[in-house]
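Student: Provide a 3D model corresponding to the input given below.
(chains A and B)
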Number of protein chains: 2
Amino acid sequence: MSNFAQTPKPPYYAVLFASKRNADDEEGYCEMSDRMFDLAADQPGYIGVETVYGEDGFGMTVSYWESLDAIRNWRNNTEHKIAQELGKTKWYEKYQIRICLVEKEYGLQRG
Amino acid sequence: MSNFAQTPKPPYYAVLFASKRNADDEEGYCEMSDRMFDLAADQPGYIGVETVYGEDGFGMTVSYWESLDAIRNWRNNTEHKIAQELGKTKWYEKYQIRICLVEKEYGLQRG
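Tutor: Here you go, the predicted structure:
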């Protein structure tokens, strides 16, 4: 079930990215999005990611990180900065980013 | 744009609920889900919620709360406990819950 990120015992960090996309440039967006998932996964301190988009263009992506430094480095990554700028000017109507400390975790796994 | 929760200046808390539903009992699930969104919104310390489900049954719901006490009260709510039990036995293949302290927040809003 690859939708779920494999995360360590807390504490660790989560970046919640809630976004509303416009309908423009689907192809350019998808290409960049794929590239950013790959690039993020190569960064130091990256743990994993969970993402889901609805049909109305509203989506949530949560990436998990070992530290605030790791989040800062990723935010300042040169190629990621280009993607952020395109996101602001072309792809998103609105987004909200929340930096969170994950304090507890539990779950259910069948079978 | 009602997909987005209106949240205060951090710090506050977020409960990340990542889940994979099975295909059973769609109607029962939806009815209970609607009821739980309404009931949560009536709880003390509730701030808001963001939720999105993909076509593959993977979804993310993030609810925002003023304190850990508010989260604990909601978790122990009698009607919510019944829903949790049904979720475990009927509706979810897997879920993961993460309790998070939101430390920073920023965003983009067009126009």
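Student: so where is chain A shaky, pLDDT-wise?
Tutor: Applying pLDDT under 70 to chain A picks out residues A:1-2, A:111.
Student: show me what whichever strand or helix holds residue A:102 is packed against.
Tutor: Assigned by DSSP states H and E, residue A:102 belongs to strand A:92-109. Counting contacts by 3 or more C-beta pairs under 8 Å, 6 or more residues apart in numbering or on different chains; DSSP states H and E, strand A:92-109 packs against strand A:12-21, strand B:12-21, strand B:92-109. C-beta: built from backbone N, CA, C; applies to glycine.
Student: where do the strands sit along chain A?
Tutor: Assigned by DSSP state E, chain A shows strands spanning A:12-21, A:46-53, A:58-65, A:92-109.
Student: need these in CSV with mean neighbour count, can you?
Tutor: What follows is those, written out as CSV (neighbours: other C-beta atoms under 10 Å in any protein chain shown):
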stretch, mean neighbour count
strand A:12-21, 22
strand A:46-53, 18
strand A:58-65, 23
strand A:92-109, 18
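Student: those strands: which one's closest to residue A:84?
Tutor: With C-beta to C-beta, the closest approach to residue A:84 among the strands of chain A belongs to strand A:92-109: 9.9 Å.
Student: just checking: what are the partner strands of the closest one?
Tutor: Applying DSSP bridges, strand A:92-109 is found paired with strand A:12-21 (antiparallel), strand B:92-109 (antiparallel).
Student: just the C-alpha atoms of it, please, in PDB.
Tutor: Taking Å, rounded to 0.1, in the frame of the first residue of the first chain, the C-alpha atoms of strand A:92-109 are listed here in PDB:
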ATOM      1  CA  TYR A  92      -2.200  27.400  -7.700                       C
ATOM      2  CA  GLU A  93      -5.200  29.500  -6.900                       C
ATOM      3  CA  LYS A  94      -4.400  29.200  -3.300                       C
ATOM      4  CA  TYR A  95      -2.200  27.100  -1.000                       C
ATOM      5  CA  GLN A  96      -1.500  26.900   2.700                       C
ATOM      6  CA  ILE A  97       1.700  25.400   4.200                       C
ATOM      7  CA  ARG A  98       1.900  24.300   7.800                       C
ATOM      8  CA  ILE A  99       5.100  23.100   9.500                       C
ATOM      9  CA  CYS A 100       4.300  20.600  12.200                       C
ATOM     10  CA  LEU A 101       6.100  18.600  14.800                       C
ATOM     11  CA  VAL A 102       4.600  15.100  14.900                       C
ATOM     12  CA  GLU A 103       4.400  14.100  18.500                       C
ATOM     13  CA  LYS A 104       2.400  10.800  18.400                       C
ATOM     14  CA  GLU A 105       1.500   8.200  15.900                       C
ATOM     15  CA  TYR A 106      -0.700   5.100  15.900                       C
ATOM     16  CA  GLY A 107      -2.700   3.200  13.300                       C
ATOM     17  CA  LEU A 108      -4.600   0.200  12.100                       C
ATOM     18  CA  GLN A 109      -3.200  -2.400   9.600                       C
END
